[in-house]
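Engineer: Structure of the sequence below:
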Amino acid sequence: EDLSTSLERLGTDYIDLYALHRDDPAVPVHVIIDALNEHLTAGRIKAIGVSNWSVQRIQEANEYAASQNVTGFTFSSPNLSLAKPNEPFWPGCISVDEADMRWYEANQMPVLSWSSQARGFFTGRFTPEDRSNEDLVRVFYSDANWERLRRAEQLAKEKGVSPIQIALAYVLNQPFPTCALIGAQNENELLSCREGADIVLTQEEINWLEHGEKEYKFG
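Structural biologist: You can find the predicted model right below:
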């Protein structure tokens, strides 16, 4: 029913990337995979993925798909950003942690990250004293994230770019395929993201942005 409604609203016969939004762990994965493969076979969708699913459920689903010689999930859309959330933005939403990162790297599954720039946390518009944005305070205000912002500012100065562009580059330079979903509010923000997408970060720089290893030095 959902797929039929989407096709009608989009005015198309098929959808290239079809993702299930959030999970219902009470539903066995074989039911989901079998249903989606019917639509794949019919040509109504071209690839299947998930949004806000745990890597454990993704793996379970893909192991079942492999055992049946059918198509499994080929992309995932959790939150991945340089700022690490204190709690989910919305109930049932998932942000990638270090264990998840290792899983995505090992499986090389593409990640389409929502809130990839932490909803503007790295723009410089926010400070620990400014608590006007309740959601940002709840989710991203932490000593560790203020330190990540400080390091992003330092690396941005070194590279002649902006901290928000560094935050975007962090998502796009992971050791597995990534896509940063953005919400540019104007042309300047869109151009900023376009330029940020060209920034290359080393794994050493990514680790330093995340954890601030003392031995890291620029240059």
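Engineer: Show me the shaky parts of this structure.
Structural biologist: 213-219 (pLDDT under 70).
Engineer: And the helix or strand hosting residue 5, what does it pack against?
Structural biologist: Using DSSP states H and E, the element containing residue 5 is helix 2-10. Contacts defined by 3 or more C-beta pairs under 8 Å, 6 or more residues apart in numbering; DSSP states H and E place helix 2-10 against strand 15-21. The way it works is simple: take the backbone N, C-alpha and C, and place the C-beta from them, glycine included.
Engineer: in the helix or strand immediately after the strand it packs on in the chain, what's buried?
Structural biologist: Moving toward the C-terminus from strand 15-21, the first helix or strand encountered (DSSP H and E) is helix 29-42. By neighbour count on 16 or more other C-beta atoms under 10 Å, the buried set for helix 29-42 is 29, 32-33, 36-37, 39-40.
Engineer: could I get those as TSV with distance to residue 23?
Structural biologist: Shown next, in TSV, are these (distance: C-beta to C-beta, whole Å):
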residue	distance to residue 23
29	10
32	9
33	13
36	14
37	18
39	18
40	19
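Engineer: which other residues reach stretch 43-50?
Structural biologist: For stretch 43-50, the surrounding residues in contact (C-beta atoms under 8 Å, 6 or more residues apart in numbering) are 3, 7, 13-20, 23, 36, 39-40, 57-58, 71-77, 112.
Engineer: What subset of those residues is buried?
Structural biologist: 15, 18-20, 23, 36, 39-40, 57-58, 71-73, 75-77, 112.
Engineer: So what's the residue count around residue 193?
Structural biologist: Residue 193 has 18 neighbours, counted by other C-beta atoms under 10 Å.
Engineer: you'd agree it is in a strand?
Structural biologist: No - counting by DSSP: H, G, I helix; E, B strand; the rest coil, residue 193 falls outside a strand, being helix.
Engineer: any idea how far it is from residue 84?
Structural biologist: 21 Å (C-beta to C-beta, to the nearest Å).
Engineer: any chance you could map the helices in this structure?
Structural biologist: In the chain, the helices defined using DSSP state H lie at 2-10, 29-42, 55-68, 98-107, 134-140, 143-159, 163-172, 187-196, 203-211.
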